[in-house]
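J.: next come a sequence and a model predicted from it.
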Amino acid sequence: MLQLIVYKYIRNEKLVKLYTCPSFYKRLALYSYHSMKLPGVEQMNKNKRLKLIVMLLVALFFGIVLGPVANATSEEPVTEKEESEQKSVDDLQWSEWQQSHTMEVEVTTVYDYKTDGTLKITETYSGIGLKSKFKENELTRSQTFPVSDGKEIALSTKSDSLKLKPGDKKEFVTQKSVVITTSNDPFEWWNSSSLASISYPQWTFSKITSGQNTYYVVADPINLIWKQKSLKTVKNTILKKKWIDNPVEYTHYISYPNGNWVAGDGMADNKYRLLGGYHLRLWKLPNGNVVSNAHHDDSVLIIPGHQVDGYENAETKVAKFFGTGSKSYWLDNVYYSKYYKAYNDGSAKLF
């Protein structure tokens, strides 16, 4: 009603057209006040009406302009949604570190089926890069799985299959690119320049050795975060879903600000996962948060053996254990695994 009355009156006085922006109200009020004519009773009555309208316009101006300003001062500085959209790492910082630590290696994988029914899988890295950068000829890691008690087992590849009897060995040689570092040269995720208050690691690392020397290779992306939760609370929730603690696994590590490389606390839906299964590792960070690298492994008997074939499916499965209250936190760790092209979308579910 106020806008209609003012518009009609102003048209009669041949003033400018009415708009609803606050700046116009202010200009119109000042212009109208100084444009009023004094002589004549009729004009004085018009002036009184115009003064009333001016007062209403001024009041409306202060309500529109100053009201939101006053309300803004009582709002929270950062909402939970805004926090979940912030990056935890500086993209350029990670990219430069990754590039300077990447090298091509030759990977020799040996399947050793022992007479006690266990299958030992040994990986050996070699290449010019290792020799020139670390003065190492070879780096090695291995894991043993109980497979069968004296029975013949079948190994399969994408194009072929073969059988092993107890005492047999089979060797495969491939080439791949790895991101590898020493124990005293971690990526310092806690010093991220893009977010001062909270930061999370992007990746886990697997250990590979040469004698007494230890090196760390980038392994899995982090895809689950629990803010200010105890490790025990998180584990108890997962154990209630019939997962087990301390499965057979390759141990993964995360570097901490104090210089230590901390081993993950493993959990899985099956102890050995010979035919594949869901698996995760948990870390309690110094800032009080818990992170994990949930994934799905393939069968030990599929060469190259015990490879990740899914990240998003495992992330979703574990997230359901904790209800529907999760948000997304961008970690910029988009990843396709080498063998199965298992995909990680770069964000972690945040609880």
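T.: Sure thing, it's come through. Residues are numbered from 1 along each chain as shown.
J.: ok, and for stretch 207-225, which residues are buried?
T.: By neighbour count on 16 or more other Cβ atoms under 10 Å, the buried set for stretch 207-225 is 207-208, 210, 215-225. Where C-beta positions appear, they are placed from N, C-alpha and C, glycine not excepted.
J.: just the ones of these in strands?
T.: Using DSSP state E, 207-208, 210, 215-221, 224-225 are the members of the buried residues of stretch 207-225 that sit in strands.
J.: could you dump these into JSON lines and include pLDDT and distance to residue 259?
T.: Shown next, in JSON lines, are those (pLDDT from 0 to 100; distance: Cβ to Cβ, whole Å):
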{"residue": "207", "pLDDT": "97", "distance to residue 259": "16"}
{"residue": "208", "pLDDT": "98", "distance to residue 259": "19"}
{"residue": "210", "pLDDT": "97", "distance to residue 259": "21"}
{"residue": "215", "pLDDT": "98", "distance to residue 259": "16"}
{"residue": "216", "pLDDT": "99", "distance to residue 259": "13"}
{"residue": "217", "pLDDT": "98", "distance to residue 259": "19"}
{"residue": "218", "pLDDT": "98", "distance to residue 259": "19"}
{"residue": "219", "pLDDT": "96", "distance to residue 259": "20"}
{"residue": "220", "pLDDT": "96", "distance to residue 259": "22"}
{"residue": "221", "pLDDT": "97", "distance to residue 259": "23"}
{"residue": "224", "pLDDT": "97", "distance to residue 259": "25"}
{"residue": "225", "pLDDT": "96", "distance to residue 259": "23"}
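J.: which two in the residues you listed are spaced the farthest apart?
T.: 210 and 225 (33.8 Å; Cβ to Cβ).
J.: beta partners for residue 108?
T.: residue 124, residue 173 (DSSP bridges).
J.: including distance to residue 351, could the ones in strands among the buried residues of stretch 207-225 go into CSV?
T.: Shown next, in CSV, are those (distance: Cβ to Cβ, whole Å):
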residue, distance to residue 351
207, 29
208, 32
210, 39
215, 33
216, 27
217, 29
218, 25
219, 23
220, 19
221, 17
224, 8
225, 7
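J.: let me know the closest of those to residue 313.
T.: Within those, the smallest distance to residue 313 is 13.0 Å, found for residue 224 (Cβ to Cβ).
J.: bridging residues for that closest one?
T.: Taking DSSP bridges, one obtains residue 292, residue 349 as the residues bridged to residue 224.
J.: which residues does it contact?
T.: By Cβ atoms under 8 Å, 6 or more residues apart in numbering, the residues touching residue 224 are 280, 291-294, 315, 318-319, 348-349, 351.
J.: same question, residue 110
T.: Counting by Cβ under 8 Å, 6+ apart, residue 110 touches 120-122, 124, 169-171.
J.: can you give me the buried ones in stretch 176-189?
T.: So stretch 176-189, judged by 16+ other Cβ under 10 Å, has buried residues 178-181, 186-187, 189.
J.: now do the helix or strand hosting residue 163: distance to the chain's middle.
T.: Secondary structure from DSSP states H and E places residue 163 in strand 161-164. Offset of strand 161-164 from its chain centre (Cα atoms, centre = their mean, to the nearest Å): 40 Å.
J.: could you do stretch 113-123 as well?
T.: How far stretch 113-123 lies from its chain's middle: 36 Å, per Cα atoms, centre = their mean.
J.: in it, which residues are buried?
T.: Those would be 113, 119, 121-123, for stretch 113-123 by 16+ other Cβ under 10 Å.
J.: Throw those residues into TSV and include secondary structure, thanks.
T.: Shown next, in TSV, are these (DSSP: H, G, I helix; E, B strand; the rest coil):
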residue	secondary structure
113	strand
119	strand
121	strand
122	strand
123	strand
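J.: mind giving me the domain split of the protein?
T.: Per the record, the chain has its domains at 2-72, 82-350, by automatic domain parsing.
J.: and the ones you listed, which is most packed in?
T.: The highest mean neighbour count among these, using mean count of other Cβ atoms under 10 Å, belongs to domain 82-350: a mean of 17.
J.: coming back round to it: and which of the contacts of residue 110 is nearest residue 141?
T.: For the contacts of residue 110, the nearest to residue 141 is residue 122 (7.5 Å; Cβ to Cβ).
J.: would you confirm that the closest one contacts residue 112?
T.: Yes. Counting by Cβ atoms under 8 Å, residue 112 is a contact partner of residue 122 at 6.9 Å.
J.: need the strands for the stretch 151-300 of the chain, in chain order.
T.: Taking DSSP state E, counting those that start in this stretch as the test, the strands found in the stretch 151-300 of the chain are 153-156, 161-164, 169-182, 203-210, 213-221, 224-226, 244-245, 252-255, 261-263, 265-268, 277-284, 290-292, 295-297.
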